[in-house]
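Novice: how would this look folded up:
(one chain, ligands or ions: 1)
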Amino acid sequence: MDVKNITIAQAKKDLKDKKYSSVELTNAYLERIKKLNPKLNAFITVTEDEALHMAKEADAKLAKGEDQALLGMPMALKDLFLTEGIKTTAASRVLDNYIPQYDATVVKKLKNAGAVILGKLNCDAWAHGSSGENSDFGPTKNPYDTSYVPGGSSSGSAASIAADMALFSMGTDTGGSIRLPASFCNVVGLKPTYGRVSRFGIVAMASSLDSIGHMTKTVEDNALILNCTAGTDINDGTTPSAEVKDYTKTLKKGVKGLKIGIPKEYFIEGLDPRIKELTEKALKTLEKQGAKLVEISLPHTKYATAVYYIIMPSEVSSNLARYDGIRYGNDRSRFGDEAKRRIMLGTFALSAGYYDAYYKKAMQVRTLLRKDFTEAFEKVDVMITPVSPTPPFKLGEKTSDPLEMYLSDIFTVTLNLTGNPGLSVPMGFIDGLPTGMQIIGPHFSEDLLYRVGYTYEQENPLYLKKTNL
Ligand code: GLN
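Specialist: All right, here's what the predicted structure looks like:
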């Protein structure tokens, strides 16, 4: 069977109507993985036997007429999600033989919803990176052109969806790692509000910034997944009891009367003019659909990248200290250059005598960034910006210059500092390569982001533009 045009919403219907079984669907994805993984390197581990076993169980339930939100849906997890009995590497040689004894909360939730796990996805080691090239298991390639990067750090999560190697994928976003690859690979990616989805059982990068999200082909599919993953977790003290909505319910309400803010600081020098043009075009579409465009200001935006690159390595240096060669085997000599760079930067920023000048100052500016957003959302309902200042770049183009690489994160890191949710939605192609827009909302407004994204997608259904793989 051909899985190229299948969405979750469609598969749900087809499985119910017995057009095909979950085993058939799973086999179709496994075949694509076998065919395409040598080219794209999106998967680190493929769990064929487990997947087929889960698919069989799903078929048995379907035969009995049971209904679960994701029953029989083949999906894959960034290799940062702990999976009981299945190797979890964080794409680092430090953990290349680590087999967790338990499932992350989100993995448990997905299993309880009936999902079928196809395997573990490649990413930048420890989620450090913007291109997918910093993996100890080799770089992932962009399915739209394999000489280009797919974006990182959730590189395999994006590439696998773009190339139809899974129906949906899970990723993490600490500084854009879901939104950037989603944008580079023409898929929909959500970074939920901080705390909306439990972090328990996910390899920690920077704990005050880490958000757990997912990628899909369509906005509706994305909402279906959040329905299953959101919610409070006794094992993660940062998950508030804020109401978990049915995120599909308001999708079709349209954008009439909604105020969309355009933060002027995001349309700066350095932004590729073709991206600027596509974003303006997308905004015009939404205006035609009934939204009101309002120019706004987020005055502290220019400090966000600097603040992120102080706070993030500080927390990284603390989180990576647990890989001391005792608890997880393999000693720290296996850390790659990027992890070492961050451990050193973070340790320096936190050291006596420097703490006030770096970490404390960065935390003070973080408060100002939050204030920018709170004030802006008194004037508008959502904001729209580009996801990335440039289209996807060539493999190897930025690997020798870490600073240049860090600048890819200029439009995404702010939301991790402020905790706001952001949805990356495909908005067009530049020379055959995808690019996305970022829809930003107040805390816990994921339903609103989906509504805007869905409305836009009806006018511009870019998920139909497939790779030639
Ligand atoms: N590019 C960012 C970094 O390298 C993104 C990290 C992330 O979101 N996991 O820090």
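
Novice: just checking, residue 71 touches residue 62?
Specialist: Yes - under the criterion of C-beta atoms under 8 Å, residue 71 makes contact with residue 62 at 6.3 Å. C-beta coordinates here come from the backbone N, C-alpha and C atoms, glycine included.

Novice: near the ligand, which residues of the stretch 151-300 of the chain are found?
Specialist: With C-beta under 6 Å from any ligand atom as the criterion, the stretch 151-300 of the chain meets the ligand at residues 153, 172, 173, 174, 175, 176, 177, 205.

Novice: what sits against the residue nearest to the spatial centre of the chain?
Specialist: The residue lying closest to the centre of the chain (C-alpha atoms, centre = their mean) is residue 178, at 2.0 Å. Counting by C-beta atoms under 8 Å, 6 or more residues apart in numbering, residue 178 makes contact with 154, 157, 171, 172, 189, 190, 191, 211, 213, 214, 215, 424.

Novice: list just the nearest of those residues to the ligand.
Specialist: residue 172 (5.8 Å; C-beta to the nearest ligand atom).

Novice: how much space between that closest one and residue 136?
Specialist: 17 Å (C-beta to C-beta, to the nearest Å).

Novice: the two: which has the busier surroundings?
Specialist: residue 172 (27 against 20; other C-beta atoms under 10 Å).

Novice: and that one, how far is that from residue 81?
Specialist: 8 Å.

Novice: for whichever residue of the stretch 301-450 of the chain sits closest to the ligand, grab the count of nearby residues.
Specialist: For the stretch 301-450 of the chain and the ligand, the shortest gap (C-beta to the nearest ligand atom) falls at residue 409, measuring 4.6 Å. Neighbourhood size, residue 409 [other C-beta under 10 Å]: 26.

Novice: could you give me the buried positions within the longest helix seen in the chain?
Specialist: The helix that spans the most residues within the chain, counting by DSSP state H, is helix 22-40. Within helix 22-40, the residues that count as buried by 16 or more other C-beta atoms under 10 Å are 22-23, 25-30, 32-33, 36-37, 40.

Novice: for that helix, output the C-alpha coordinates as PDB.
Specialist: Output in PDB follows, covering the C-alpha atoms of helix 22-40 (Å, rounded to 0.1, in the frame of the first residue of the first chain):
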ATOM      1  CA  SER A  22      -2.600  -1.900  11.400                       C
ATOM      2  CA  VAL A  23      -0.200  -4.700  10.500                       C
ATOM      3  CA  GLU A  24      -0.500  -3.700   6.800                       C
ATOM      4  CA  LEU A  25       0.000  -0.100   7.600                       C
ATOM      5  CA  THR A  26       3.000  -0.800   9.900                       C
ATOM      6  CA  ASN A  27       4.600  -3.100   7.200                       C
ATOM      7  CA  ALA A  28       4.200  -0.300   4.700                       C
ATOM      8  CA  TYR A  29       6.100   2.100   6.900                       C
ATOM      9  CA  LEU A  30       8.700  -0.500   7.700                       C
ATOM     10  CA  GLU A  31       9.300  -1.000   4.000                       C
ATOM     11  CA  ARG A  32       9.800   2.700   3.500                       C
ATOM     12  CA  ILE A  33      12.200   2.800   6.400                       C
ATOM     13  CA  LYS A  34      14.200  -0.100   4.900                       C
ATOM     14  CA  LYS A  35      14.300   1.700   1.500                       C
ATOM     15  CA  LEU A  36      15.000   5.200   2.600                       C
ATOM     16  CA  ASN A  37      16.900   5.000   5.900                       C
ATOM     17  CA  PRO A  38      20.200   4.200   4.100                       C
ATOM     18  CA  LYS A  39      19.800   7.500   2.200                       C
ATOM     19  CA  LEU A  40      18.400   9.800   5.000                       C
END
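
Novice: that's all I had, so thanks and see you.
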